[in-house]
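Need a 3D model of the following:
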Amino acid sequence: MNGDIHLSAKRPLVSIAIPVLNEAGNLDALYARLVALGERMADRCDLEFVFTDNHSDDQTWSMLTRLAERDPRIRALRFSRNFGFQSSILANYLHARGDAVLQIDADLQDPPEMLEEFFALWQQGYHVVYGIRRKRREGMLMNLIRKCGYWVIDRVSEHPIPRDAGDFRLVDRAVIEAIAKSRTSNPYLRGMIAGMGFNQTGIAYDRDARTVGESKFNVMRLMRLGLTAVFNHSTVPAAHGFIPGSGYPLGLPGGIGLLRHPPPAAA
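Residues are numbered from 1 along each chain as shown. Next comes the predicted model:
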């Protein structure tokens, strides 16, 4: 049935959304933990796993295709080229079918098992539950750059963005629908979500070290993400005569191409 999920009338569906780029070395371990998580939470919710492959050049896509063929909970999308991390997150949000969506990274630095805590708070009425990193296991230079970047973003943003909180979060379907109605040509999703005004809370956790592969966030990409945050969530650029592109309905970047597995059902 092209991966359709038979849902219980009583249990909500939670989508676990995972952007990937050259993560073949992590997929087996990630999938094993997702399966175990699904078994542990089977009395509370159903799960689906939505992957967006940002045009990997290793075995990531072929591995996702094989996993999707044997597990109907898996849905995989592949970009026609690398459109960037934020676009991967956005694509997952817009293709997820869950009543709530958990965003995690494939490198397992953010433990998927925290869904149990996020889910409990979501059931209490929170629309956004995000992880707050107690510490990051990375070099001093990268850590300093991140701290400086957060400080600058806080100073120029029109609304506060949670400090030491990345994209590891659970969001309600109402948040996804609000994102889909927004207009921006280059979204900075953590800032966008922080400024939407929904009921939000954070949980502190210790972020694990990456054990396989290399981080996709080097200094230049962090700087580019910081500029995106400044231009999209501050009045400072406009006040100084710089206004980024006119934007178009938020969906996916112009000209994006997607492959899907399983393929869409025939009309």
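
In the protein, mark out all the strands, start to finish.
Along the chain, counting by DSSP state E, strands occupy 13-20, 46-53, 74-79, 100-103, 128-133, 169-172, 200-205, 258-261.

from what I can see L27 touches S62, true?
No - if you go by Cβ atoms under 8 Å, L27 and S62 don't touch, sitting 10.3 Å apart. Glycine gets a C-beta too; all of them are placed from N, C-alpha and C.

Between these two, which is the more surrounded one?
L27 (20 against 11; other Cβ atoms under 10 Å).

Run through the residues that contact that one.
Applying Cβ atoms under 8 Å, 6 or more residues apart in numbering, one finds that L27 lies in contact with 20, 60, 63-64, 67, 106.

pLDDT weak spots in the chain?
1-9, 136-161, 183-186, 210-259, 263-267 (pLDDT under 70).

measure F79 to I18 for me?
Distance, F79 to I18, by Cβ to Cβ, to the nearest Å: 14 Å.

neighbour-wise, which of the two wins?
Shown here are F79 and I18; by other Cβ under 10 Å, I18 has more neighbours (29 against 23).

Name the residues contacting each of F79 and I18.
Joint contacts of F79 and I18 (Cβ under 8 Å, 6+ apart) are T52.

which residue ranges form the helices in the stretch 101-250 of the chain?
115-123, 140-156, 173-181, 189-194, 219-232, 236-239 (DSSP state H, counting those that start in this stretch).

quick one on the thing from earlier: which of the contacts of L27 count as buried?
20, 60, 63-64, 67, 106 (16 or more other Cβ atoms under 10 Å).

Taking those, tell me the two that lie furthest apart.
Greatest spacing in the buried ones among the contacts of L27, by Cβ to Cβ: L67 and A106 (12.4 Å).

so what's the residue lying closest to L115 once chain neighbours are set aside bridging to?
Nearest non-adjacent residue to L115, counting by Cβ to Cβ, 6 or more residues apart in numbering: L102, 5.4 Å away. Counting by DSSP bridges, L102 forms beta bridges with I16, L170.

Please report the number of neighbouring residues for L102.
L102 has 25 nearby residues by other Cβ under 10 Å.

Could you do A32 as well?
10.

Equivalent analysis for the one 3 residues further on, please.
When counting by other Cβ under 10 Å, one arrives at 14 neighbours for V35.

again with A165
19.

which ones are touching the residue nearest to it when sequence neighbours are not counted?
Leaving out its chain neighbours, the residue that sits closest to A165 by Cβ to Cβ, 6+ apart is Y130, at 4.7 Å. Residues near Y130 by Cβ under 8 Å, 6+ apart: 162, 165, 168-170, 200-203.

can you do 6 Å?
165, 169, 202 (Cβ atoms under 6 Å, 6 or more residues apart in numbering).

And A24, by the same measure?
Counting by Cβ under 6 Å, 6+ apart, A24 touches 58-60, 63.

what's the spacing between it and R40?
According to Cβ to Cβ, A24 and R40 sit 26 Å apart.

do the same with F49
15 Å.

More neighbours: those two, which one.
Per other Cβ under 10 Å, whichever of F49 and R40 has more neighbours is F49, with 24 against 12.
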